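> Give me a model of this one.
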Amino acid sequence: MSRRSVNVLGFLACAALLGFAYYSQYVLGLEPCPLCIFQRIGVAAVGAGFLLAAVHGPGRKGSLVWAVIIDLAVVATILVAARHLWIQHQPPGTVSACGASLEYMMKIFSVGEVVRKVLTGSGECAQVSWRFLTLSMPAWVLIAALGLGALNMWNNLLRRQVPR
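Residues are numbered from 1 along each chain as shown. Below you'll find the model as predicted:
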């Protein structure tokens, strides 16, 4: 399988993750908290990196650049998911009360202030309303991001190009 094909698979995995997130929101009725939205943005950035790397079809040096770009998005996604998990595992009552919606905050604060406020978390981010195999959604995002990061590093950094 070529490097380009594996990058397409990485993109499709990200598209599937986002598809499930929107299915959870619009079909299952699970409203995303601000940290969930940031995780979606991270997964979308990872997917965009995989897609652009696939379209570009770079040589060895270009693949190194794409490996770094994609893994920067992966690391950001992992950090947000880890922060979300940390908030979810705090004792009840120790996380601040729910704040304003992300949409409202974007209207009244600068982007930097919104990011800072969202990453500090709130009560709505501590609530676990969905689990699969005992893990909450941010745990699955963390696992998926780790897997996507490993796939990216193997495909775009460590492996030699397979002839077409």
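
> which residues of the chain score low on pLDDT?
92-104, 117-126, 131-132, 161-164 (pLDDT under 70).

> for the chain, what spans make up the strands?
131-132, 135-136 (DSSP state E).

> and the last one, how far from the chain's centre?
I take that to be strand 135-136. Strand 135-136 has its C-alpha centroid displaced from the chain centroid by 15 Å (CA atoms, centre = their mean, to the nearest Å).

> Which residues outside that strand are in contact with it?
With contact meaning CB atoms under 8 Å, 6 or more residues apart in numbering, strand 135-136 is reached by 85, 88, 128, 130, 143. Bear in mind the C-beta positions are built from the backbone N, C-alpha and C, glycine included.

> Look up how far residue 61 lies from the fourth one.
When you say that, I think you mean residue 130. To residue 61, residue 130 is 42 Å away according to CB to CB, to the nearest Å.

> and what of the third one?
Going from residue 128 to residue 61 by CB to CB gives 44 Å.

> quick one: which of these two has more around it?
residue 128 (14 against 7; other CB atoms under 10 Å).

> for that one, what are its contacts?
By CB under 8 Å, 6+ apart, the contact list for residue 128 reads 88, 136.
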